[in-house]
Each structure stands twice: as C-alpha cells, then as structure tokens.
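Peer 1: Build me a model from this:
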Amino acid sequence: MEHRWGIRTRLARPVRVRSSGALAAPAVLSDISVSGALLQTSAPFALHARLEVQLFPPGSGYSSVEATVVRIGRFGMGVEWTVLAPQSVQRLLSEAAESEAPADAEPAKYAKAPRPTRAR
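Peer 2: Below is the predicted model of the structure:
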C-alpha cells in the first residue's frame, strides 16, 4: 500500500533508473516529495520492483536513492523511497522551492523517453 508524506513538488528533471535485474533507463522526475516521486519512463519496470534512482544535482556528479515501484499508471510510475526523506531528495526539494512554479501550473509535457538499455 502506498503512503504519501509531505507535499509533492513538480519538477521536470532527468534521472536514471536501475533495477536489480540490471535494466537501466533514462526517466523524467515529474514530481517529488519526501516519501517518493512520479517518474516517466518507457522502461518496463514491474510493480514492487526495487530500484536505484540516480539524481543529478547541479554542480556535482550524481546521488542515488533506493526506491520501490508502488504504482504504475497512465502518467508514469510512482515510487516510494526506501528511507523517508533521503538527504539528496531534501536538497532537490530545497532547490525546487527556490524556483517553485505556481501550484495551479499545468504539468510539463514530456517527450517520449529513450528506450531502456541493459547494463553490462
């Protein structure tokens, strides 16, 4: 069962998603909260799959956050962070708050994500 904590913040941030089965795919982080996120990707991740979401904060390499797929829907897949409010997510939320879009803004329109690849 999915449990949401915190306010969702809209973003349009590229991320990379990896599964334990070595499937790696680009994705777009379209909203985020301290408990999870909505990701858009063309990759066929399964419900309850354990993932590594690689975030690319400005000015540094990347940071990884462990997550579980809790929902797959028309607008993407919902993931829940394994740990509530990971530090890298808190930093991303702070950044987004500084340049926040109005709450009634339309969600961003996204191009199709590139096809997933298998890690070697």
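Peer 1: switch to C-alpha atoms for all contacts and neighbour counts from now on
Peer 2: Will do.
Peer 1: Secondary structure element holding Arg71?
Peer 2: Under the criterion of DSSP states H and E, Arg71 resides in strand 63-73.
Peer 1: I'd like the mean pLDDT over the next helix or strand after that strand, please.
Peer 2: Counting by DSSP H and E, the next helix or strand C-terminal to strand 63-73 is strand 76-81. Here the mean pLDDT over strand 76-81 is 94, rounded to a whole number.
Peer 1: which residues of the protein score low on pLDDT?
Peer 2: Filtered on pLDDT under 70, the chain yields the residue ranges 1-5, 57-59, 99-120.
Peer 1: how about the helices in the protein?
Peer 2: Assigned by DSSP state H, the chain shows helices spanning 87-98.
Peer 1: Quick check: buried residues in the strand holding Arg71?
Peer 2: Neighbour-count burial for strand 63-73 flags 64-72 (criterion: 16 or more other CA atoms under 10 Å).
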